[in-house]
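J.: Attaching a predicted model along with its sequence, questions to come.
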Amino acid sequence: MELTRDLISEYLQLTKPRVVALLVFCAVIGMFLAVPGIPPWRALVFGTLGIWMASGSAAAFNHLIDERIDKLMARTARRPLATGSLTPRQVLVFAVLLGIASMLVLALLVNLLTALLTFGGLIGYALVYTAYLKRATPQNIVIGGLAGAIPPVLGWTAVTGHLHAFALQLCLIIFVWTPPHFWALAIFRRDDYARAQVPMLPVTHGVAYTRWHVLFYTVLLVLVTLLPALTGMSGLIYLGGAVVLDVGFLYYAVRLLNPPDELFPMKVFKYSIVYLMALFAFLLADHWLVEPIVQQGLVLQHLS
Ligand code: HEM
Ligand SMILES: CC(C)=CCC/C(C)=C/CC/C(C)=C/COP(=O)(O)OP(=O)(O)O
């Protein structure tokens, strides 16, 4: 019994459950923003399940491909492959089965476009980012970030069956958010990356250079997060929330140039996660709270 529980927890760890939880949260918000009211239950349930399984499969492939690196880094040394509690064969079988199951769910129970785009995300993260970019260039996470940014688009297409510029705005937000999210952590963990010879920006170009990059992308992020309000996708509730969150991120990014202590980059990293979660929650709150008022207004206009 104890053994089974341990085994389940090892397999669960392969799916990077906390990262994937935020990815899926962003996808679900994409679903809600795509239509007025509650999206059809089929897209909601099977779309969420399929995107969750595909992301978990991509994460398991990442464990498999990164076994050597993960063993060398303190942050990842306790992962199932690094400790030997699972074999590469077990991880491969798990990743392939989860990937196939996700494609079947999405293609048969949601729609083909969502299945294809999700497959793109899976390949983008597991192969393009992990197997190639991560080892090849310090711009790895900028380009590879596209795979992690796609979930709101997947949510949107799961509900509507087609792409929309509004969904691409959400993708752009996560895309630009990824560099400050990751480089803040990479500054703190630079010795890990140096030991494993992974060419992350703080290792190849130094910490000072990376701090300025965090600030540059944070400024870009502030501008990009204004887009939903400027294009009429979202209203004042979103804008108010985004501005407050943006001021917070700018504060952290500027302070990172002269950090008060060694741990400060981790505070920036943690803030980035709260930031994205809250930003997407504001998108949903705005959509839900404003939409009935707009509809009521339209009805009143129609009656008068
Ligand atoms: C190429 C893109 C990305 C890179 C390189 C990256 C990198 C990382 C790394 C190295 C960690 C630490 C993980 C750990 O210690 O287990 C992490 C944590 C995290 N990332 Fe990212 N990330 C990326 C994209 C994303 C995206 C798109 C999301 C969600 C939308 C996300 C959400 C999170 C969350 C929630 C955590 C905290 C996990 C925990 O507390 O265990 N990341 N990220
Ligand atoms: C289908 C679909 C939408 C796929 C999503 C892919 C996915 C799980 C993206 C998460 C990004 C992430 C955790 C990158 C870190 O990898 P890393 O290897 O740099 O970090 P590590 O050192 O912690 O393994």
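T.: Good, I have the coordinates. Computed from a predicted model, the values in this text were never measured in an experiment. Residues are numbered from 1 along each chain as shown. Ligands and ions are numbered 1, 2, ... in the order given.

J.: Can you pull the residues of the stretch 101-250 of the chain lying near ligand 2?
T.: By CB under 6 Å from any ligand atom, the part of the stretch 101-250 of the chain that sits against ligand 2 consists of 118, 121-122, 125, 130, 147-148, 150-151. Every residue, glycine included, has its C-beta placed from N, CA and C.

J.: between those residues, which is closest to ligand 1?
T.: When those are compared for distance to ligand 1 (CB to the nearest ligand atom), residue 148 comes out closest, at 2.8 Å.

J.: Pretty sure the closest one sits against residue 174.
T.: Yes. The pair residue 148 and residue 174 qualifies as a contact (CB atoms under 8 Å) at a distance of 6.5 Å.

J.: thinking again about what came up before, can you tell me which of the residues of the stretch 101-250 of the chain next to ligand 2 are in helices?
T.: Among those, the ones falling in helices (DSSP state H) are 118, 121-122, 147-148, 151.

J.: Any idea how many residues pack against residue 212?
T.: Counted with other CB atoms under 10 Å, residues neighbouring residue 212 total 13.

J.: Phi and psi next, for the closest residue to it other than its chain neighbours.
T.: With sequence-adjacent residues excluded and distances taken as CB to CB, 6 or more residues apart in numbering, residue 212 is closest to residue 257, at 7.3 Å. With angles defined as degrees, to the nearest 10, residue 257 sits at phi -60, psi -30.

J.: Contacts only, for residue 257.
T.: With CB atoms under 8 Å, 6 or more residues apart in numbering as the criterion, the residues that contact residue 257 are 211-212, 215.

J.: go on, residue 240?
T.: Applying CB under 8 Å, 6+ apart, the residues contacting residue 240 are residue 282.

J.: One more: residue 111?
T.: 157-158, 161.

J.: Show me what counts as buried in stretch 206-216.
T.: 207, 210-211, 213-215 (16 or more other CB atoms under 10 Å).

J.: what stretches of the chain score poorly on pLDDT?
T.: Applying pLDDT under 70 to the chain flags residues 1, 291-304.

J.: and if we set it to 80?
T.: Low-confidence segments of the chain, defined by pLDDT under 80: 1, 290-304.

J.: count of residues packed around the residue in the stretch 201-304 of the chain positioned nearest to ligand 2?
T.: With CB to the nearest ligand atom, the shortest gap between the stretch 201-304 of the chain and ligand 2 falls at residue 273, namely 11.4 Å. The burial count assigned to residue 273 is 14, neighbours taken as other CB under 10 Å.

J.: I'd say it and residue 22 touch.
T.: Yes. Distance between residue 273 and residue 22: 6.8 Å, which falls inside the contact criterion (CB under 8 Å).

J.: on that earlier part again, pick out whichever of the residues of the stretch 101-250 of the chain next to ligand 2 sits closest to residue 36.
T.: Of all those, the one sitting nearest residue 36 is residue 151; the distance, using CB to CB, is 21.2 Å.

J.: returning to what we had before: kindly reformat the residues of the stretch 101-250 of the chain next to ligand 2 as CSV and extend each row with neighbour count.
T.: Output for these, formatted as CSV (neighbours: other CB atoms under 10 Å):
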residue, neighbour count
118, 32
121, 22
122, 25
125, 25
130, 23
147, 24
148, 25
150, 29
151, 29
